[in-house]
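In: Make a model of this:
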Amino acid sequence: MSAPATDASPTTVREFRLPDLGEGLTESEIVQWHVTEGDTVELNQIIADVETAKAVVELPSPYAGVVVRLHEAAGTVVDVGSPIVSFRIAGEPEAVVRPVPEDEAPARREPNLVGYGAAVEKGGRPQRRSRSTVPAVGAPGPQVPALEATVLPATVLPAQAPAQTRTPTAAPKRTPVPTAALAPGRPLPAVHDGLSEASSQTVVAHADERPRSTPPVRKLARDLGIALEDLAGTGPGALITRADVLAALAGAAGPDAAVLDAAVLDAAVLDASTASVGSPEPARDERSAAATGEIRTPIKGMRKHTAAAMVASAFTAPHVTEFLTIDVTPTMELLAELKGSRAFEGTKVTPLTLVAKAVCIAVARNPTLNSSWDEAAQEIVQYSGVNLGIAAATPRGLLVPNIKGAQGLALVELARALNGLTETARAGRTPPADLAGGTLSITNIGVFGIDAGTPILNPGEAAILAMGAVRSMPWEYQGAVALRSVMTLSLSFDHRLVDGEQGSRFLADVGTILRNPAMVLTMV
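Out: Below is the predicted model of the structure:
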């Protein structure tokens with residue numbers, strides 16, 4: 001009698017590491033998991049929502065199988081390349097998952113995910129931002145421009161130790177912090193002025209093991225100039241903790257000063273977060289947060305990216321802003337006519353639609369406005385196509401998705417593209433490809449009742465046009481005063497590559513079209 005048949009299909013467990021979602025980022029936040037441990041998933045099934053610097057992106061599964069482990073909880077900020085989920089896959093022999101070396105690029109160790117990668121159409125593949133590296137302790141590092149320093153987040157202090165101005169001599173004593181052990185043959189890390197040369201300590205360590213730590217601890221160590229590979233962690237599984245980093249800082253004061261005063265240690269941590277920013281952080285009000293109603297929000301995700309981008313743009317590109325106030329009554333009359341036409345039936349058409357079309361026509365006559373400054377190559381790059389960015393206010397912050405090849409779209413096509421772009425952005429579902437490769441942008445501040453402003457350039461672009469509110473006001477018309485529809489246009493441009501004459505001619509052309517749309521016939 002034969003034995004009953006059994007299912008002996010081989011299986012294997014595979015880790016899925018957080019990929020670079022096409023923006024050159026080093027970390028992302030897991031907003032929400034759509035699966036739990038034990039769930040069966042299909043290939044390309046959405047398993048999580050991940051927040052990048054610019055948008056929330058749906059993350060598809062690279063495998064078909066069973067979820068055996070979720071490595072990170074929702075709300076966790078995860079480094080690119082770190083494991084986030086493990087799958088059991090049938091049909092493959094059991095295999096031990098080997099650690100992936102640090103120097104392997106995520107692109108080589110991750111499956112090719114559907115829909116990822118920013119399809120930049122600026123004329124050639126964009127250079128990806130290189131991962132920043134921290135120089136070895138004691139070794140001279142590259143000179144960092146003040147601009148780069150200004151965008152570093154200064155959030156190294158934990159919630160229980162807020163930044164305050166302290167007087168070291170008046171600070172109370174506190175319990176000594178255990179000095180972290182160091183790997184053999186490695187010097188103690190160099191620290192701030194006021195701390196003497198360190199004595200060496202040794203402990204048995206494995207040179208081939210990568211130090212284990214959390215992202216906040218890695219950032220604290222980086223800001224303080226502490227090399228994690230020099231430390232032996234005291235946490236579970238040799239995890240390097242914040243206390244280990246601070247202990248190494250304290251230990252660097254020498255055998256006679258292994259215990260630093262609490263105020264000195266806190267001041268050193270504070271100095272690390274503010275020394276390269278250009279100006280010290282002002283002292284916090286001594287009143288309690290409860291008394292003042294103070295609310296603190298971590299700077300991360302899109303807000304962190306937007307802040308860095310705006311600082312980089314404002315202090316890299318010399319901005320010039322020009323203003324033009326015009327009578328747009330003929331444009332508003334055309335708008336009313338288009339809304340009632342059959343061609344635009346079911347399509348929302350707004351003043352932004354007509355301004356966008358005017359910009360595309362004007363830039364063909366003034367192509368310098370559709371350029372960028374390549375600092376590395378010391379070249380001005382001019383683009384034949386207009387990837388028109390539209391600034392959109394979303395619940396998660398400012399986004400500037402762009403319409404690829406906007407100059408080639410008919411007016412009704414441009415209207416539909418604008419509607420789709422803004423709706424997707426406000427829903428938080430803008431794909432990375434729509435956020436990359438912009439060449440020229442428009443921001444509609446008129447929807448907030450604002451007349452004019454000085455918009456900051458979107459990084460990598462030469463110009464941005466702000467359109468103000470359309471207002472009915474007295475205006476000179478055909479030799480008399482009449483009530484007309486009036487709008488102010490504000491144009492900011494990068495004076496490194498756009499001369500005043502070129503910027504003025506572009507703005508004048510946009511104004512001419514909006515004053516009298518029939519003038520388009522003389523420009524094309």
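
In: For this structure, which element, helix or strand, carries the lowest mean pLDDT?
Out: helix 146-150 (a mean of 35; mean pLDDT, DSSP states H and E).

In: and the helix or strand following that helix, what other elements does it pack with?
Out: Past helix 146-150, further along toward the C-terminus, the next helix or strand under DSSP states H and E is helix 215-224. The helices and strands touching helix 215-224, judged by 3 or more C-beta pairs under 8 Å, 6 or more residues apart in numbering; DSSP states H and E, are strand 77-79, helix 242-251, helix 262-274. C-beta here means a position set from N, CA and C on the backbone, and glycine is covered the same way.

In: and the ones you listed, which one's lowest on average pLDDT?
Out: When mean pLDDT is averaged over each of the helices and strands packed on helix 215-224, helix 262-274 scores lowest at a mean of 48.

In: Quick one: the helices in this structure, in order.
Out: Listed in chain order, the helices of the chain (DSSP state H) span 106-109, 146-150, 215-224, 242-251, 262-274, 289-292, 301-314, 329-339, 351-365, 411-426, 432-435, 500-515.

In: quick one: average confidence on the last one?
Out: Averaging pLDDT along helix 500-515 yields 97.

In: What are the buried residues along that helix?
Out: Counting neighbours by 16 or more other C-beta atoms under 10 Å, one finds that the buried residues in helix 500-515 are 502-515.

In: so can I have JSON lines of those showing distance to S86?
Out: Formatted as JSON lines, the entries for the buried residues of helix 500-515 read as follows, by distance: C-beta to C-beta, whole Å:
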{"residue": "Q502", "distance to S86": "56"}
{"residue": "G503", "distance to S86": "55"}
{"residue": "S504", "distance to S86": "60"}
{"residue": "R505", "distance to S86": "60"}
{"residue": "F506", "distance to S86": "55"}
{"residue": "L507", "distance to S86": "56"}
{"residue": "A508", "distance to S86": "61"}
{"residue": "D509", "distance to S86": "58"}
{"residue": "V510", "distance to S86": "55"}
{"residue": "G511", "distance to S86": "60"}
{"residue": "T512", "distance to S86": "62"}
{"residue": "I513", "distance to S86": "58"}
{"residue": "L514", "distance to S86": "58"}
{"residue": "R515", "distance to S86": "63"}
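
In: Show me what the longest strand belonging to the chain packs onto, helices and strands only.
Out: What stands out as the longest strand in the chain, according to DSSP state E, is strand 480-494. Strand 480-494 makes packing contacts with strand 319-327, helix 329-339, strand 463-467, strand 471-477, helix 500-515 when contacts are defined by 3+ C-beta pairs under 8 Å, 6+ apart.

In: Only alpha carbons, please: show that strand as CSV.
Out: Presented in CSV, the C-alpha positions along strand 480-494 are these (Å, rounded to 0.1, in the frame of the first residue of the first chain):
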residue,chain,number,x,y,z
ALA,A,480,-12.0,107.2,-20.5
VAL,A,481,-12.2,105.6,-17.1
ALA,A,482,-14.2,102.3,-17.0
LEU,A,483,-14.6,99.3,-14.7
ARG,A,484,-12.3,96.6,-16.1
SER,A,485,-10.9,93.2,-15.0
VAL,A,486,-7.3,93.8,-13.9
MET,A,487,-4.6,91.3,-12.9
THR,A,488,-1.0,91.7,-11.7
LEU,A,489,1.7,89.3,-13.0
SER,A,490,4.9,88.7,-11.0
LEU,A,491,7.9,87.1,-12.7
SER,A,492,11.0,85.9,-10.8
PHE,A,493,14.0,84.7,-12.8
ASP,A,494,17.5,83.6,-12.3
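
In: Counting neighbours, what do you get for E423?
Out: E423: 13 surrounding residues under other C-beta atoms under 10 Å.

In: again, but for E461
Out: Here the count is done by other C-beta under 10 Å, and E461 has 25 residues near it.

In: Roughly how far does it sit from T443?
Out: With distances taken as C-beta to C-beta, to the nearest Å, E461 is found 12 Å from T443.

In: ditto for V355
Out: V355 sits 11 Å away from T443 when distances are taken as C-beta to C-beta.

In: what's the answer for D223, then?
Out: Using C-beta to C-beta, D223 is found at 34 Å from T443.

In: now T454
Out: Distance, T454 to T443, by C-beta to C-beta: 11 Å.

In: These two: who's more crowded?
Out: In terms of neighbours (other C-beta under 10 Å), T443 is the more surrounded of T454 and T443; the figures are 24 against 14.

In: and the more buried one, what does it touch?
Out: Shown here is T443, whose contacts under the criterion C-beta atoms under 8 Å, 6 or more residues apart in numbering are I390, A391, P455, I464, L465, A466, M467.

In: quick one: pLDDT of the closest residue in space to V447 that isn't next to it in sequence?
Out: Setting aside the residues directly before and after it, V447 is nearest to A469 in space (C-beta to C-beta, 6 or more residues apart in numbering), at 7.8 Å. For A469, the pLDDT comes out at 97.

In: So A469 sits against I450, correct?
Out: Yes - here A469 lies in contact with I450, judged by C-beta atoms under 8 Å, at a distance of 6.4 Å.

In: any low-confidence regions in the stretch 201-350 of the chain?
Out: Low-confidence segments of the stretch 201-350 of the chain, defined by pLDDT under 70, span residues 201-211, 250-292.

In: same thing but at 50, please
Out: For the stretch 201-350 of the chain, applying pLDDT under 50 flags the ranges 201-208, 253-264, 266-267, 271-283.
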